[in-house]
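Asks: next come a sequence and a model predicted from it.
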Amino acid sequence: MTIAPLDLAALLCSRVCHDVISPVGAIINGLEVLDGDDAEMRDIAIDLIRKSAASASARLQFCRLAFGASGSLGAAIDTGEAETAARGLIGNERTTLQWDAPRRLAPKNAVKLLLNLCLIASGATPRGGTITADMTGDGDDLVIRVSAAGGTVRLSQAAVHVLGGADPESIDGHSIQPYYATLLAKDCGLTIEAVVTPAAVTLTARRAA
């Protein structure tokens with residue numbers, strides 16, 4: 001499964017912009033309210049701006065690690081930094097992140113894959129739940145596993161098709177991120193298996209037997 005580099009870059013940029021545009025738009029709306037004379041509305045606007053700015057910052061920090069270069073080519077990433085980024089994006093009043101991956105320096109694309117699987121799992125729990133992330137082993141023994149459980153759990157058909165090896169002509173802005181995860185897995189010598197049940201979605205990346 002291949003896609004032209006320019007198309008890949010364009011679709012990934014669209015995905016990042018989609019993730020960031022909502023909190024930025026909320027900040028703009030809050031600034032417009034500040035021009036009014038209603039003191040109560042101004043307090044609400046300031047609170048909206050503060051929360052939206054924090055959300056935008058968290059999303060950018062996550063995208064920097066999950067999609068960006070994040071240092072020199074071939075560098076390792078501290079999984080503790082990845083955990084911080086994941087908690088900033090995923091952890092909220094509806095969703096709990098259980099991070100079981102031990103802190104260590106790990107190959108960049110392995111950590112990026114872990115974060116991308118977390119993002120897919122987050123999308124599988126639209127009403128909240130628990131996301132569990134783990135990464136064990138090294139080299140041929142590397143296993144990355146992320147699961148989502150609780151509430152209404154589902155994996156989009158776009159993600160199912162792409163993770164299962166869909167034709168690249170079907171890839172669009174909605175499926176580019178799961179597709180990117182498969183590219184990261186391939187670079188690590190891994191394949192992704194998605195197991196979907198009514199109670200949970202489990203994504204496991206490991207070396208094929």
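Replies: Alright, I've got the coordinates. Residues are numbered from 1 along each chain as shown.

Asks: can you give me the helices in the protein?
Replies: 5-34, 39-66, 79-90, 108-123, 157-163, 176-187 (DSSP state H).

Asks: Ala205: which of those is closest?
Replies: Of all those, it is helix 176-187 that lies closest to Ala205, at 4.9 Å by C-beta to C-beta. The C-beta positions use only the backbone N, C-alpha and C, and glycine is treated the same way.

Asks: what comes into contact with stretch 149-167?
Replies: Here stretch 149-167 makes contact (C-beta atoms under 8 Å, 6 or more residues apart in numbering) with 1, 120, 123-130, 132, 170-172, 174-175, 178-179, 181-182, 192, 194, 196, 198-201, 203.

Asks: got a quick ChimeraX command for the buried subset of the residues you listed?
Replies: Applying 16 or more other C-beta atoms under 10 Å to the contacts of stretch 149-167, the buried members can be selected in ChimeraX as follows:
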select :120,123,124,125,129,130,132,171,174,175,178,179,181,182,192,194,196,200,201,203
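
Asks: in strands, which of the contacts of stretch 149-167 appear?
Replies: 129-130, 132, 192, 194, 196, 200-201, 203 (DSSP state E).

Asks: least confident secondary structure element in this protein?
Replies: helix 157-163 (a mean of 85; mean pLDDT, DSSP states H and E).

Asks: okay, buried residues for it please.
Replies: Judged by neighbour count using 16+ other C-beta under 10 Å, the buried positions of helix 157-163 are 158-163.

Asks: could you do stretch 63-82 as well?
Replies: Judged by neighbour count (16+ other C-beta under 10 Å), stretch 63-82 contains these buried residues: 63, 65-67, 70, 77, 79, 82.

Asks: work out the gap between it and the centre of the chain.
Replies: For stretch 63-82, the separation from the chain centroid amounts to 13 Å (computed by C-alpha atoms, centre = their mean, to the nearest Å).

Asks: now do the end-to-end distance for that stretch.
Replies: 11 Å (C-alpha to C-alpha, to the nearest Å).

Asks: low pLDDT regions in the protein?
Replies: Where the chain drops to pLDDT under 70, the residues are 1, 69-74, 168.
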